[in-house]
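Q: quick one: sequence and predicted model below, then my questions.
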Amino acid sequence: MDLGASPLEGLDLTAELADAFRDRRVLVTGHSGFKGSWLAIWLHRLGARVTGYSLPPPSDPSNFVAAGVRGVLAGHHEADLRDLPRLTAAVRSADPSVVFHLAAQAIVRDSYAQPRETFETNILGTVNLLEAVRSRNEPCVVVVVTSDKCYENRGQVWGYRECDAMGGYDPYSASKGAAEIVTAAYRRSFFPPEQLATHGVQVATARAGNVIGGGDWAKDRILCDAARALAADQPVPVRNPFAIRPWQHVLEPLSGYLTLAARMLRSPDAAWGEAWNFGPRPEDAIPVRQLVEQFVAAWGGGGWVDRSDPAQPHEAAILRLSIDKALARLNWRPRWPVAEAVARTARWYRRFHDRRDESLLAACHEDIAAYEAAS
């Protein structure tokens, strides 16, 4: 598909990010989690003053602790999204010009065991964040991060587009679709893009693919399971070897969120306040089996074993994202193919297991620098 030339073609996006976030006050919800901790590190690297609001790290170990993320923060709030008074107070204290909302119950299989908590956190938590922004009554850029699983999965082989229907077979997916609907309702009701000059609040949503990278220790995440198994000289257990997912390194969607927010800051325009997909290239949507085999090879040896079970909770057989909109209108693009993403993920985990007393902040910075330099 020929998308034509973007009006921003040739813009140095790394320079744009530095210009956009230097000395900015930024609030990140979910900063103790996998993606949130990487985002906090990158924002600090760009010169932002980052405040985080989150529950304690969701795993032990965690990237938040292993990389010493607490040390790069201007402010740190350890609290629940469902606590509206505390969240409102934290937003007012941080006084952000940008909010990245990543805090969530993020595990599909956990949503079967904890459906109420999943719906409360992912839907009511989003309502509370937007209420806190609304009651503050100050200009602000807000990027609400949901998931590629927000779409009604019809088993199609082509990528879902931002205009496709929301849905969800499982509680997690349904909660993310609902969070998109909630955000759209707030945008239309309280922050209408056509009245941006009056209220000054820009609200967008962002949907990523299946994210991999060093520092994720959540259960039931395939490369986390792979790193644990291989470090213990055990075969990697694989639940769904033939399921196809849009795999991408954690820095890929983060670069999308940052690019979107930077564009909103740089050129306030109603056009940015929409939904955006930040997935991989189409060829990087591959089966779980192929991903694991690449990881084992990058690790330097090992194997895997099929642990599929017909009685296990439902998970979609295929999922792809269309990124045509981000390519054409934001001039955003994926920089690392899946093989590079897997190799860097394996290298990060090997470094952790080989040098357990070392802070992994340097490893995160090295990956970010390499990503920024990628063509």
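A: Alright, I've got the coordinates.

Q: need the strands for the stretch 151-300 of the chain, in chain order.
A: 201-208, 210-212, 236-238, 244-249, 275-278, 285-287 (DSSP state E, counting those that start in this stretch).

Q: end to end, how far does stretch 352-359 reach?
A: The separation between the terminal residues of stretch 352-359, taken as CA to CA, to the nearest Å, is 9 Å.

Q: tell me the mean pLDDT over that stretch?
A: pLDDT averaged over stretch 352-359 equals 82, rounded to a whole number.

Q: make 56 the first number, not 1, from now on.
A: Got it, the first residue is 56 from now on, which makes the last one we talked about stretch 407-414.

Q: would you list every one of the helices in the stretch 256-405 of the chain?
A: Under the criterion DSSP state H, counting those that start in this stretch, the stretch 256-405 of the chain contains helices at 277-286, 306-321, 343-354, 379-380, 393-409.

Q: figure out which of these is closest to Y206.
A: Proximity to Y206, assessed across the helices of the stretch 256-405 of the chain by CB to CB, is greatest for helix 379-380 (14.1 Å). For the C-beta atoms, the positions are set from N, CA and C on the backbone; glycine is no exception.

Q: give the rounded mean pLDDT of the closest one.
A: So the average pLDDT for helix 379-380 ends up being 97.

Q: and it, how far out from the chain's middle?
A: On the basis of CA atoms, centre = their mean, to the nearest Å, the separation between the geometric centre of helix 379-380 and that of its chain is 18 Å.

Q: and for stretch 204-215?
A: What separates the centre of stretch 204-215 from the centre of its chain is 18 Å, taken as CA atoms, centre = their mean.

Q: so where is the chain shaky, pLDDT-wise?
A: 56-68 (pLDDT under 70).

Q: how does it look with 50?
A: 56-66 (pLDDT under 50).

Q: mind giving me the packing neighbours of the longest helix anywhere in it?
A: Within the chain, and with DSSP state H defining each element, the longest helix by residue count is helix 226-245. Here helix 226-245 is seen to pack against helix 163-168, helix 170-174, helix 180-191, strand 256-263 when contacts are counted using 3 or more CB pairs under 8 Å, 6 or more residues apart in numbering; DSSP states H and E.

Q: what angle do that helix and strand 256-263 make?
A: Angle of helix 226-245 versus strand 256-263, following axes from the mean of the first three to the mean of the last three CA atoms, to 10 degrees, is 160 degrees.

Q: then helix 226-245 to CSV, C-alphas only?
A: C-alpha atoms of helix 226-245 as CSV (Å, rounded to 0.1, in the frame of the first residue of the first chain):
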residue,chain,number,x,y,z
PRO,A,226,-12.5,-10.1,31.0
TYR,A,227,-9.2,-8.5,30.3
SER,A,228,-9.9,-7.9,26.6
ALA,A,229,-13.4,-6.7,27.4
SER,A,230,-12.1,-4.3,30.0
LYS,A,231,-9.7,-2.8,27.5
GLY,A,232,-12.4,-2.3,24.9
ALA,A,233,-14.5,-0.7,27.6
ALA,A,234,-11.6,1.6,28.6
GLU,A,235,-11.5,2.8,25.0
ILE,A,236,-15.2,3.5,25.0
VAL,A,237,-14.9,5.3,28.3
THR,A,238,-12.1,7.5,27.0
ALA,A,239,-13.9,8.4,23.9
ALA,A,240,-17.0,9.4,25.9
TYR,A,241,-14.9,11.6,28.2
ARG,A,242,-13.2,13.2,25.1
ARG,A,243,-16.6,13.9,23.5
SER,A,244,-18.3,15.1,26.6
PHE,A,245,-15.7,17.0,28.5
